Structure formats: structure tokens, C-alpha cells
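Participant: predicted model follows, preceded by the sequence.
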Amino acid sequence: MVDDNKIALRPAVEISYLPKDLQKELLDNIEMEACTSSHDQTLRMRNLLRQNKLTPEVITMIMQEEKPNQKEKIILRDDRTRNLLPKNLPVSQREEYIIKALEHYGRYLKKQREQER
């Protein structure tokens, strides 16, 4: 997997310390969850192994965690939003403003659909 750039070297090294049956379990999870383990996750697995607490269920729980690089991100380019946001709105309040605008627009669309019925 390292040669195919499917997993980074540091997590692969940590995985190599796991017994073959747990490596197989991890591989099954990687395929099922369609994601690889992070270095932090593999370090935790190795530490749990040392404590005799690493089980297939624990591997599944760890692999189902959401990783920071897997969180969905929405990027709004400044040139498209500049004229839509109030000029005096601080940068720290922009996210909340946009969320409230989206919520308001969602209610508006729902009301429109109800009126069409």
C-alpha cells in the first residue's frame, strides 16, 4: 500500500507491529470505510496492543472516527461574496452570518413548496 501511495510510511510502520490477524482486520476496515488510518490512529492502536486492549471492535471504532482532513469543507471565494456580505461585518462573524442566511433561505424554499401544493 505504501508503494501505491495508498498509505503514508509512518502509519505503515506502526501497522507493521500489529499481529497479522489484526493487520487483516485493519485492512478490511480500510477497504470498508474507504479511508486509511492516520499516524495518530496507528499509534493509538499500537499502544492499545501493548495494553492487550486492541480488538477487531476497537479497530473498527478507531477507523470510523472522522479525521480532520476528511471533514467536508466549503470554500467561498472573496470575490464572489464581497458584495453579498455587509461591509462592516467582521471576519469572525462571517460564518454565522452565512449560516443564518442559508437557514433563512431554506425556510423560504420550504414555504414556497408548501404554497405550490
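Facilitator: Thanks, I have the structure now. Residues are numbered from 1 along each chain as shown.
Participant: only C-alpha atoms for contact and neighbour calcs from this point on.
Facilitator: Fine.
Participant: what about residue 14, how many neighbours?
Facilitator: Residues near residue 14, counting by other Cα atoms under 10 Å, number 18.
Participant: that one and residue 7: what is the separation?
Facilitator: Note on residue 14: its distance to residue 7, by Cα to Cα, to the nearest Å, is 12 Å.
Participant: can you tell me how far the residue lying closest to residue 55 once chain neighbours are set aside sits from residue 49?
Facilitator: The shortest distance from residue 55 to any non-neighbouring residue, by Cα to Cα, 6 or more residues apart in numbering, is to residue 22 (7.6 Å). Separation of residue 22 from residue 49 (Cα to Cα) stands at 10 Å.
Participant: in what helix or strand does residue 30 lie?
Facilitator: Under the criterion DSSP states H and E, the helix or strand holding residue 30 is helix 20-33.
Participant: circling back to that earlier point, hang on, the residue nearest to residue 55 packs against residue 53?
Facilitator: No - if you go by Cα atoms under 8 Å, residue 22 and residue 53 don't touch, sitting 11.9 Å apart.
Participant: and those two? Which one has more around it.
Facilitator: residue 22 (18 against 12).
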